[in-house]
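Chemist: Give me a model of this one.
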Amino acid sequence: MSLKELAARTPRRKVTWREGTKGPMWGRFAWLRVWPPGGWATGECAGRGPIRPLIEEQADGQLKYAFSNVPANTSRIEAVSLWRSRWLVEQGYQQMKEELGLDHFEGRSWRGFHHHACLVMLAYGFLALERLREKREAGQAGKKGGPRPVITVPAIRRGLQGLLVPICRHDCPFCRSAEPPRQLTE
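Modeler: Numbers count the residues shown, from 1 in each chain. Predicted coordinates:
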């Protein structure tokens, strides 16, 4: 039986995977366990395990499929949450590229790229924690003290650039510049 035929026969149930800005996000899904038919006649399928297709019915009636090798005891809700978390990952990656310069690396070494990517992810994690903190503080009404300054992406970028400026000795002939270098504290 083809996957299309199987999907047409299988009932789909409503699953809510998270709360969005406009209310709960939900869809109709079927979570199955099937064995691929390839190689049954020749015995090539011996020892192969089942695969887990997740079938999603979209609002226009179109079906989408996702195949998984998650453990057999994974529930439909967990599978849908994993499938739908892909959007959040793509959004985070897009933000790291656009706002924090993940795609601005122009070096030639693998180590340099890893250093750059690590700093970008560190800044992204910091900003994500700051957003969570701001939401928590906004939810606590009547808190004493004035509003805290908002930390922005350009402020983070300037702070990281200030930290990454090489620290030079005052007598180093290679590090002379128009502005006085920062001094080492020994």
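Chemist: Touching the helix or strand containing Ile77 from outside, list them.
Modeler: Assigning secondary structure by DSSP states H and E places Ile77 in helix 76-98. For helix 76-98, contacts defined as Cβ atoms under 8 Å, 6 or more residues apart in numbering pick out 13, 15, 17-18, 25, 27, 29, 31, 52, 54, 56, 66, 68, 70, 102-103, 120-121, 124. C-beta here means a position set from N, CA and C on the backbone, and glycine is covered the same way.
Chemist: Pull the distance from it to the chain's centre.
Modeler: How far helix 76-98 lies from its chain's middle: 5 Å, per Cα atoms, centre = their mean, to the nearest Å.
Chemist: How far off centre is the helix or strand of the chain with the lowest mean pLDDT?
Modeler: Least confident helix or strand of the chain, by mean pLDDT, DSSP states H and E, is helix 153-164 with a mean of 71. Offset of helix 153-164 from its chain centre (Cα atoms, centre = their mean): 23 Å.
Chemist: what does it rub up against?
Modeler: Here helix 153-164 makes contact (Cβ under 8 Å, 6+ apart) with Glu99, Leu100, Gly101, Leu119, Ala123, Phe126, Leu127.
Chemist: Which two of the residues you listed have the greatest separation?
Modeler: Largest separation among those by Cβ to Cβ: Gly101 and Phe126, giving 14.7 Å.
Chemist: What is the helix ranked longest in the chain packed up against?
Modeler: Longest helix in the chain by number of residues (criterion: DSSP state H): helix 110-139. Here helix 110-139 touches helix 76-98, helix 153-164, going by 3 or more Cβ pairs under 8 Å, 6 or more residues apart in numbering; DSSP states H and E.
Chemist: just those: most buried one?
Modeler: helix 76-98 (a mean of 14; mean count of other Cβ atoms under 10 Å).
Chemist: Report the mean confidence score over it.
Modeler: For helix 76-98, mean pLDDT rounds to 86.
Chemist: again, but for stretch 60-71
Modeler: When pLDDT is averaged along stretch 60-71, the result is 84.
Chemist: can you give me how far it is from the chain middle?
Modeler: Put simply, stretch 60-71 sits 20 Å off its chain's centre (Cα atoms, centre = their mean).
Chemist: go on, stretch 113-120?
Modeler: Centroid displacement of stretch 113-120 relative to its chain, using Cα atoms, centre = their mean, is 16 Å.
Chemist: Now it - C-alpha only, CSV.
Modeler: Taking C-alpha atoms only, stretch 113-120 is exported to CSV below (Å, rounded to 0.1, in the frame of the first residue of the first chain):
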residue,chain,number,x,y,z
PHE,A,113,35.0,29.9,12.3
HIS,A,114,34.3,27.9,15.4
HIS,A,115,35.4,30.8,17.5
HIS,A,116,33.1,33.2,15.6
ALA,A,117,30.1,30.8,15.7
CYS,A,118,30.6,30.2,19.4
LEU,A,119,30.5,33.9,20.2
VAL,A,120,27.4,34.5,18.0
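Chemist: Cheers, nothing more for now.
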